[in-house]
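Q: this one's sequence-less:
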């Protein structure tokens with residue numbers, strides 16, 4: 001077979017119309033603003049009420065830093081030509097950063113910071129039917145893992161490197177879907193429509209299975225524009241790196257489950 005008929009498979013795109021500062025600024029700016037807003041809200045809330053937990057501020061700051069690392073700077077630039085770097089960015093943006101941001105309980109901080117009328121309006125929105133839908137663990141699992149299947153099994157991966165708007169939308173989806181999935185499985189913020197632990201565990205198991213299957217599919221079937229060797233390395237980063245983060249989520253879910261179901265001391269004595 002003449003290998004010259006498949007030049008696109010040799011590298012991850014030779015030309016990157018979206019490779020530059022503009023997409024990095026567009027993607028990093030919201031996270032930077034979120035970091036500033038969170039620190040200001042934590043300071044304001046601590047003055048009005050009891051001290052806001054320092055570990056939550058640290059988790060938020062670290063989550064934002066990891067998200068920015070994934071979309072701006074050396075790693076983001078390298079991800080245009082190195083599929084392994086791209087997959088590391090995927091783990092940071094779509095899994096680890098959302099986990100750290102969820103642990104920081106941002107909605108609790110918002111409700112503490114806002115005036116009572118505004119807090120009540122926000123609470124009403126959180127109890128609405130659309131919010132119930134978009135925080136259902138099975139829906140968020142579909143949005144999260146299903147989006148990755150579309151990204152890596154169609155031409156979307158190569159197209160997003162050619163169109164700025166598509167590039168930004170894909171990265172925002174990866175983050176938002178990852179965040180919604182995380183907060184639908186483990187609860188650090190108050191939630192009015194709590195899903196039973198069994199259903200959340202089932203959704204998590206299904207998500208883990210399809211994420212693992214996708215990584216193995218990428219190993220054998222590289223996305224368009226990705227060299228086979230890079231696909232193999234990137235898929236292993238996705239598989240093993242994703243497992244590490246998933247283990248943390250599983251441990252948190254099990255801990256919450258244990259705390260919710262263990263008998264209280266007074267009842268145990270009776």
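A: Ah, there it is. Quick caveat: nothing in here was measured; it's all calculated off a predicted structure.

Q: please, which helix or strand holds residue 120?
A: helix 116-126 (DSSP states H and E).

Q: nope, residue 52 is what I meant
A: Using DSSP H and E, residue 52 sits in no helix or strand.

Q: would you mark the buried spots in the helix holding residue 120?
A: Going by neighbour count (16 or more other Cβ atoms under 10 Å), the buried part of helix 116-126 is residue 126. The way it works is simple: take the backbone N, C-alpha and C, and place the C-beta from them, glycine included.

Q: contacting residues around it?
A: Contacts to helix 116-126, defined as Cβ atoms under 8 Å, 6 or more residues apart in numbering, come from residues 107, 110-111, 114, 131, 191-192.

Q: avg pLDDT for that helix?
A: The predicted model gives helix 116-126 an average pLDDT of 88.

Q: so how far is it from its chain's centroid?
A: Centre-to-centre, helix 116-126 and its host chain are 25 Å apart (Cα atoms, centre = their mean, to the nearest Å).

Q: how about the helices in this structure?
A: Counting by DSSP state H, the segments of the chain that form helices are 21-48, 54-71, 74-78, 83-91, 97-103, 106-113, 116-126, 129-134, 137-153, 156-159, 164-185, 197-220, 228-261, 265-269.

Q: list the helices and strands the third one packs on?
A: Read that as helix 74-78. helix 54-71, helix 83-91 (3 or more Cβ pairs under 8 Å, 6 or more residues apart in numbering; DSSP states H and E).

Q: just name the most buried of those.
A: helix 83-91 (a mean of 22; mean count of other Cβ atoms under 10 Å).

Q: just checking, what packs against that helix?
A: helix 54-71, helix 74-78, helix 228-261.

Q: dump the contacts of helix 116-126 to a markdown table, plus neighbour count and distance to residue 205.
A: Compiled in a markdown table, the contacts of helix 116-126 are given as follows (neighbours: other Cβ atoms under 10 Å; distance: Cβ to Cβ, whole Å):
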| residue | neighbour count | distance to residue 205 |
| --- | --- | --- |
| 107 | 17 | 26 |
| 110 | 17 | 31 |
| 111 | 19 | 32 |
| 114 | 16 | 37 |
| 131 | 15 | 24 |
| 191 | 16 | 21 |
| 192 | 12 | 25 |
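
Q: and of these, the nearest to residue 98?
A: residue 107 (13.8 Å; Cβ to Cβ).

Q: ok, the closest one - contacts?
A: Residue 107 is in contact with 122, 126, 189-190, counting by Cβ under 8 Å, 6+ apart.

Q: hang on, the earlier thing: need the helices and strands packed on helix 74-78 in CSV with distance to residue 169 and mean pLDDT, can you?
A: Converted to CSV, those look like this (distance: least, Cβ to Cβ, whole Å; pLDDT from 0 to 100):
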stretch, distance to residue 169, mean pLDDT
helix 54-71, 13, 97
helix 83-91, 15, 95
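
Q: closest to residue 167 out of those helices?
A: Evaluated over the helices and strands packed on helix 74-78, closeness to residue 167 peaks at helix 54-71, with 10.0 Å, by Cβ to Cβ.

Q: still on that earlier bit, using a markdown table, lay out the helices and strands packed on helix 74-78 together with distance to residue 220.
A: Listed next are the helices and strands packed on helix 74-78 as a markdown table, based on distance: least, Cβ to Cβ, whole Å:
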| stretch | distance to residue 220 |
| --- | --- |
| helix 54-71 | 26 |
| helix 83-91 | 14 |
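
Q: before we move on, the earlier item: out of the contacts of helix 116-126, who's nearest residue 256?
A: The closest of the contacts of helix 116-126 to residue 256 turns out to be residue 191 (Cβ to Cβ; 12.0 Å).

Q: and residue 41, how close does it get to residue 114?
A: Plainly put, residue 41 is 9 Å away from residue 114 if you go by Cβ to Cβ, to the nearest Å.

Q: no further questions, thank you.
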